[in-house]
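*Asks:* I'd like to go over a predicted model; first the sequence, then the structure.
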Amino acid sequence: MKFSSALKFNAVADWWEEYIAYDVLKRYIYQLEKRQQRPDGIEPSYHDLEANEQTTLVDHTDTSGVDSLFKPLLDRELEKITRFYEAQENELMDELAELEQSITQQDEAGLEAGLNYMDEDDEEEDEDEEEEDDFNMVTRSEDHGKGSRHRRRKSSSVGYGTRFATGSIREEPRNRRFSVSSSEAGDLDASVVSLGPRPRTTSQVASGSRGANASMSPMGRARSLASRFRSMKDSFTSAGDTIWTAKGSYALDTRLLFKRKITNLYVSFCSLRSYVEVNYSGFRKILKKYDKVVYSELKERYMHDLVETSTPFTEESKAKVSDAIARLTDLYAKCVTNGDKSVAQQQLKLYQREHIAWERNTVWRQMIGQQRHGTGDGSGLLVSATLVQQEESSLIDVPTPLGNLKLTKKRVSLTVALTAFIALLKMDIVSGEEANKCFAVLIFSTILWATEAIPLFVTSTCVPLLLVCLRVIRGDDGTALSTPDATKYIFSVMFSPTIMLLIGGFTISSALSKTNIDRILITRVLSLAGSRPSSVLLAFMGVSCFASMWISNVAAPTLCFTLIRPILRTLPAGSAFAPALILAIALAANIGGQSSPISSPQNLIALAAMDPKLDWASWFAVALPVSIISIVLIWLLLLVMYRPSRSPDGEGEIEIRTIRPTRESFTLKQYWVTFVCLVTITLWCVEQKIEGLVGDMGVIAIIPIVAFFATGVLKKDDFEQFAWTIVFLAMGGIALGKGVTSSGLMVTMDGVIHRLLDGLSLYTVVLVLSPVVLVVSTFISHTIASVLLVPIAKEVGQSLPGNRANLLIFMTGLLCSVGMGMPVSGFPNQTAAAQEDELGRLYLTNIDFLKNGVPASIIATLVVATVGFVLMTAIGL
């Protein structure tokens, strides 16, 4: 969660204006960053008329001028927070002193203050009854009754009377157990005062009693007698009790009132403590961002010299608030929990949690409502771009009795897939019943995968369902397996070592990202790139490719797009470097998808199809040189097409702001993650030599899972955020491949492929296969392309002399990652196409992808088909 959102989430709603203006300060930091890039500093000059001196405010290498502009804003926020805190602290401390005094007075009054508590309540009930019985009496009697009632109300509202004011907890005199609602908070003081003893002389008590008895009806006298018996019972059963332990109505009401007052004050003090903590974090966060953006070192000095010495943040103030909270806990234990401080602390913390939950629920509902209606405060900058999926437009509206039916492209594609599936089931396209059914499933899945009529992973989930229900799977004897046996077989092959390897790759990627190792290493490498646009472009391409090898080509471009924001903010308007840099990161991330076995699912699918399995060292021996050459050639292409060094006005060259490496040193957790990752990768590289010990690379993948989740580096939430849709996608592809093999469809395809490739050499087959894979992977998902094409490549390789299946499988796996000519060709391209500037304008258009992505794809394909082929032959494939 971003701190600006966390600030809103944790702030007290009524105090919102008194918190640090984090978003305003952040906007000003970005303004300082832009001005700092001007050749003449932040402002052209500063002319002191009185001294007749003219000096530059900020030099390129000196940040003291920037500090002098930013510090007054911080000082103003600090003064505002200090002033508010002191006012709140004084107010709450006064309330605490008054509360302690009230409790002391109540202790002194004791239970005697409630001696006439029941009598007057019965008088009120008798009055109500007399009003009903004497409803038809003469006007004189009515006036007399009203006057007596008015006098009694008046005496109880200004003195120590026992009758409660309007809104107090005793609005229903017939009920002895009461609850205090939140609307009664304003009447708590008056209610507590009304519970105090009212001085009465003996004559007043006697005359009052005689007068009451004389004027009572028989029913009233009976009730009065019953109440006296109850009072006598309470006095006998509670002998030796105090006001805080007695069970009488007066004692219960008193404890309820003080309970509410203590609880409210406890929550207020806790809110004040939270106010200090949140603002302290706000100063620390904004100063850290300021130092990072403008390359200053203001944080430590300002926090130590000013923030930590201000009243709200001193140790004395913190101790004062903590002492007040402890005193309230003691009061609560005395008044409510019979002196049990542990129970008192538990109950007060429970009230605090409920209060915080209610406030946060309210705040979040308001924030979400504002975002939905587009009425947010707009105080934040456009930090990241979000690709909003708009509702698909309909091709045609078909009127039906139930309303108009919108025919969209996806619905048409789904209809075509279902029609083709049903038709193929009724036709004999290939020999063999099981093979024909499998062919129908293959065509049905291919159409859905290619058109994305339904989510890709849903199509993959349908594959085992169709294979089992249609009884496509055959046994060793050539007969179709029963549905229970087919189910066991399909699910046993779906969760293969390849899937475990994929999950192990997700674990390493998540650990590197969560511990910030990827950012630390990348920023240190990029800091060496200098300020020349061409070198910065090549450095980012290398970093994007390397990051894709280990944290996947899904997370790598996202990380790189975050790192280039400071550069994009300081570029002159209309600079060609911005689109060149964004496109370069996306293309390099696609190339990185072929560099290591765990960088993309298509590589794992290719590895799973190889027999014997290819070890990691052999993969790196081919993929790394191919990737490096491809990166360099695509870099040269972008330099020619964009000329990123040229200034927008055509005069001179732009200078890129250098990226400063992070100053954070490695922690013990980061060393642990690095050690586990290196050990795991090393074991993967030598897996064939230790196969007798570990069995398969999927077993090695368990090591990082256990090491990171068992030690707390990763949590349950991290596991839930893995790309499980990709896992199900791969599982569906594996199931389909097994179905094609088991049903006999592969044998039929083998015969057709033999006839097509009869007489062709190995390299001719490579030259034919390469453009086919490139075109397919350009228009559909790279993973789906590998699911469809790897089995074909395997069958083609097995039909060639010498069984070159592994070579063609390897070739297909690498080529599936280089389809990057369209905005939808892979996740890196999709992320790049969504990048916007601060005004909401896209950096890239479809023309950028066509003019640069298509040539880059062709270049990478030629590198794989030439250099890659030579290297594969050299390692014995």
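*Replies:* Cool, got the structure.

*Asks:* pLDDT of the host helix or strand of residue 265, averaged?
*Replies:* Here residue 265 sits within helix 249-294, counting by DSSP states H and E. Averaged across helix 249-294, the pLDDT comes to 86.

*Asks:* residue 512: neighbour count?
*Replies:* By other Cβ atoms under 10 Å, 23 other residues sit near residue 512. Every residue, glycine included, has its C-beta placed from N, CA and C.

*Asks:* for it, what are its contacts?
*Replies:* Applying Cβ atoms under 8 Å, 6 or more residues apart in numbering to residue 512 gives the contacts 518, 550-551, 673, 677.

*Asks:* quick one: low-confidence parts of the stretch 551-700 of the chain?
*Replies:* 552-554, 650-652, 657-664 (pLDDT under 70).

*Asks:* show me where it has helices.
*Replies:* In the stretch 551-700 of the chain, helices defined by DSSP state H, counting those that start in this stretch lie at 565-570, 577-592, 601-609, 616-642, 668-685, 691-694, 697-700, listed in chain order.

*Asks:* and the ones you listed, which is most packed in?
*Replies:* helix 577-592 (a mean of 29; mean count of other Cβ atoms under 10 Å).

*Asks:* now the angle from that helix to helix 616-642?
*Replies:* 160 degrees (axes from the mean of the first three to the mean of the last three Cα atoms, to 10 degrees).

*Asks:* export helix 577-592 as PDB, just CAs?
*Replies:* Extracted in PDB, the C-alpha atoms of helix 577-592 (Å, rounded to 0.1, in the frame of the first residue of the first chain):
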ATOM      1  CA  PHE A 577      14.200   8.900 -25.800                       C
ATOM      2  CA  ALA A 578      11.000   8.200 -23.800                       C
ATOM      3  CA  PRO A 579       9.300   5.900 -26.300                       C
ATOM      4  CA  ALA A 580      12.600   4.300 -27.300                       C
ATOM      5  CA  LEU A 581      13.400   3.500 -23.700                       C
ATOM      6  CA  ILE A 582      10.000   2.000 -22.900                       C
ATOM      7  CA  LEU A 583      10.000  -0.100 -26.100                       C
ATOM      8  CA  ALA A 584      13.600  -1.200 -25.500                       C
ATOM      9  CA  ILE A 585      12.700  -2.500 -22.000                       C
ATOM     10  CA  ALA A 586       9.700  -4.500 -23.400                       C
ATOM     11  CA  LEU A 587      11.700  -6.100 -26.200                       C
ATOM     12  CA  ALA A 588      14.600  -6.900 -23.900                       C
ATOM     13  CA  ALA A 589      12.200  -8.500 -21.400                       C
ATOM     14  CA  ASN A 590      10.800 -10.700 -24.300                       C
ATOM     15  CA  ILE A 591      14.400 -11.700 -25.100                       C
ATOM     16  CA  GLY A 592      15.000 -12.400 -21.500                       C
END
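
*Asks:* packing partners for it?
*Replies:* Identification of packing neighbours for helix 577-592 by 3 or more Cβ pairs under 8 Å, 6 or more residues apart in numbering; DSSP states H and E yields helix 533-563, helix 565-570, helix 616-642, helix 827-833.

*Asks:* change it to 10 Å
*Replies:* helix 533-563, helix 565-570, helix 616-642, helix 827-833, helix 846-848, helix 854-863 (3 or more Cβ pairs under 10 Å, 6 or more residues apart in numbering; DSSP states H and E).

*Asks:* what's the angle from the first one to helix 616-642?
*Replies:* Think helix 533-563. 110 degrees.

*Asks:* and helix 533-563 with helix 601-609, angle?
*Replies:* Using the same axes, to 10 degrees, helix 533-563 lies at 90 degrees relative to helix 601-609.

*Asks:* same check, this time on the last one
*Replies:* Orientation note: helix 854-863 sits at an angle of 20 degrees relative to helix 601-609 (the same axes, to 10 degrees).

*Asks:* which residues are in contact with residue 87?
*Replies:* With contacts defined as Cβ atoms under 10 Å, 6 or more residues apart in numbering, the neighbours of residue 87 are residue 18.

*Asks:* apply 6 Å and report the result again.
*Replies:* By Cβ atoms under 6 Å, 6 or more residues apart in numbering, the contact list for residue 87 is empty.

*Asks:* what score does it have for pLDDT?
*Replies:* 91.

*Asks:* rewinding a little: could you dump the helices of the stretch 551-700 of the chain to JSON lines with distance to residue 413?
*Replies:* Listed next are the helices of the stretch 551-700 of the chain as JSON lines, based on distance: least, Cβ to Cβ, whole Å:
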{"stretch": "helix 565-570", "distance to residue 413": "38"}
{"stretch": "helix 577-592", "distance to residue 413": "26"}
{"stretch": "helix 601-609", "distance to residue 413": "23"}
{"stretch": "helix 616-642", "distance to residue 413": "33"}
{"stretch": "helix 668-685", "distance to residue 413": "39"}
{"stretch": "helix 691-694", "distance to residue 413": "44"}
{"stretch": "helix 697-700", "distance to residue 413": "35"}
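
*Asks:* I'd like to know which of those is closest to residue 788.
*Replies:* helix 601-609 (10.2 Å; Cβ to Cβ).

*Asks:* tell me, how many residues neighbour the nearest residue to residue 800 once chain neighbours are set aside?
*Replies:* Nearest non-adjacent residue to residue 800, counting by Cβ to Cβ, 6 or more residues apart in numbering: residue 762, 5.9 Å away. Residue 762 is flanked by 16 other residues according to other Cβ under 10 Å.

*Asks:* could you number the chain from 41 rather than 1 from now on?
*Replies:* Sure, I'll start counting at 41 from here, so that last one is residue 802.

*Asks:* that older thread, nearest to residue 371, of the helices and strands packed on helix 617-632?
*Replies:* helix 573-603 (50.6 Å).

*Asks:* and the angle from that closest one to helix 708-725?
*Replies:* 110 degrees.

*Asks:* elements contacting helix 573-603?
*Replies:* helix 537-554, helix 557-566, helix 617-632, helix 656-682, helix 867-873 (3 or more Cβ pairs under 6 Å, 6 or more residues apart in numbering; DSSP states H and E).

*Asks:* which stretches of the stretch 341-490 of the chain form strands?
*Replies:* 436-440, 443-447 (DSSP state E, counting those that start in this stretch).

*Asks:* the helix holding residue 305 packs against which elements?
*Replies:* Under the contact rule (3+ Cβ pairs under 6 Å, 6+ apart), helix 289-334 is packed against helix 62-76, helix 104-149, helix 228-234, helix 339-342, helix 355-375, helix 381-413.

*Asks:* just put the ones you listed in TSV and tack on distance to residue 48.
*Replies:* Formatted as TSV, the helices and strands packed on helix 289-334 follow (distance: least, Cβ to Cβ, whole Å):
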stretch	distance to residue 48
helix 62-76	10
helix 104-149	16
helix 228-234	31
helix 339-342	23
helix 355-375	23
helix 381-413	6
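
*Asks:* that older thread, redo the helices and strands packed on helix 617-632 as TSV? Include distance to residue 642.
*Replies:* Formatted as TSV, the helices and strands packed on helix 617-632 follow (distance: least, Cβ to Cβ, whole Å):
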stretch	distance to residue 642
helix 573-603	10
helix 605-610	30
helix 656-682	12
helix 867-873	12
helix 886-888	25
helix 894-903	14
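
*Asks:* closest one to residue 450 among those helices?
*Replies:* helix 867-873 (17.6 Å).

*Asks:* residues touching that closest one, excluding its own?
*Replies:* Outside helix 867-873, the residues touching it (Cβ under 6 Å, 6+ apart) are 593-594, 597, 622, 626, 629-630, 860, 863, 884.

*Asks:* most widely separated two among the residues you listed?
*Replies:* Going by Cβ to Cβ, the pair spanning these furthest: 594 and 884, at 18.5 Å.

*Asks:* quote the end-to-end distance of stretch 441-454.
*Replies:* 22 Å (Cα to Cα, to the nearest Å).

*Asks:* so for it, mean pLDDT?
*Replies:* Averaging pLDDT residue by residue across stretch 441-454 gives 78.

*Asks:* same deal with stretch 491-503?
*Replies:* 85.

*Asks:* distance from that stretch to the middle of the chain?
*Replies:* 26 Å (Cα atoms, centre = their mean, to the nearest Å).

*Asks:* again, but for stretch 872-887
*Replies:* 24 Å.
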